[in-house]
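**Q** got a predicted model here, sequence first, then my questions.
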Amino acid sequence: MARGEHPQRTPFYGALMMVAAWISSGLATAYDAPAAVRYTIYGISVPVVAIGFLMTFRDLS
């Protein structure tokens, strides 16, 4: 295995994407951000979680 080509790197990045989206959504809700900011964060978080889920569980077929 060459340097930087670890097989678990992509699932790890996917998990990080999901965690980052959940944390940002939680912070936007907890600190009662303005509605426009919350909806923007929610709108960005949904596809990020979906892509992160696909990256994390890509080999479960």
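**A** Ah, there it is. Numbers count the residues shown, from 1 in each chain.
**Q** was I right to think Ile41 contacts Ser24?
**A** Yes. With contact defined as C-beta atoms under 8 Å, Ile41 counts as touching Ser24 (5.5 Å). C-betas here are computed from N, CA, C, even on glycine.
**Q** could you give the mean pLDDT of the helix or strand where Phe53 lies?
**A** Element membership of Phe53 [criterion: DSSP states H and E] is helix 35-56. Average pLDDT, helix 35-56: 93.
**Q** what is that helix packed up against?
**A** Helix 35-56 sits against helix 9-30, with contacts defined as 3 or more C-beta pairs under 8 Å, 6 or more residues apart in numbering; DSSP states H and E.
**Q** and the angle from the helix it packs on to helix 35-56?
**A** 160 degrees (axes from the mean of the first three to the mean of the last three C-alpha atoms, to 10 degrees).
**Q** buried ones in helix 9-30?
**A** Pro11, Gly14, Ala15, Met17, Met18, Ala21, Ser25, Ala28 (16 or more other C-beta atoms under 10 Å).
**Q** dump those to CSV, plus distance to Pro34.
**A** Formatted as CSV, those follow (distance: C-beta to C-beta, whole Å):
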residue, distance to Pro34
Pro11, 35
Gly14, 30
Ala15, 30
Met17, 25
Met18, 25
Ala21, 19
Ser25, 15
Ala28, 9
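**Q** how close does Gln8 sit to Ala21?
**A** Per C-beta to C-beta, to the nearest Å, Gln8 is found 20 Å from Ala21.
**Q** go on, Val48?
**A** 4 Å.
**Q** Ala30 now?
**A** 15 Å.
**Q** same question for Tyr39.
**A** Distance from Tyr39 to Ala21, by C-beta to C-beta: 14 Å.
**Q** now do Asp59
**A** Taking C-beta to C-beta as the measure, Asp59 falls 21 Å from Ala21.
**Q** ditto for Tyr42
**A** From Tyr42 over to Ala21 (counting by C-beta to C-beta), the distance is 9 Å.
**Q** quick check: neighbours shared by the two?
**A** Common neighbours of Tyr42 and Ala21 are not found (criterion: C-beta atoms under 8 Å, 6 or more residues apart in numbering).
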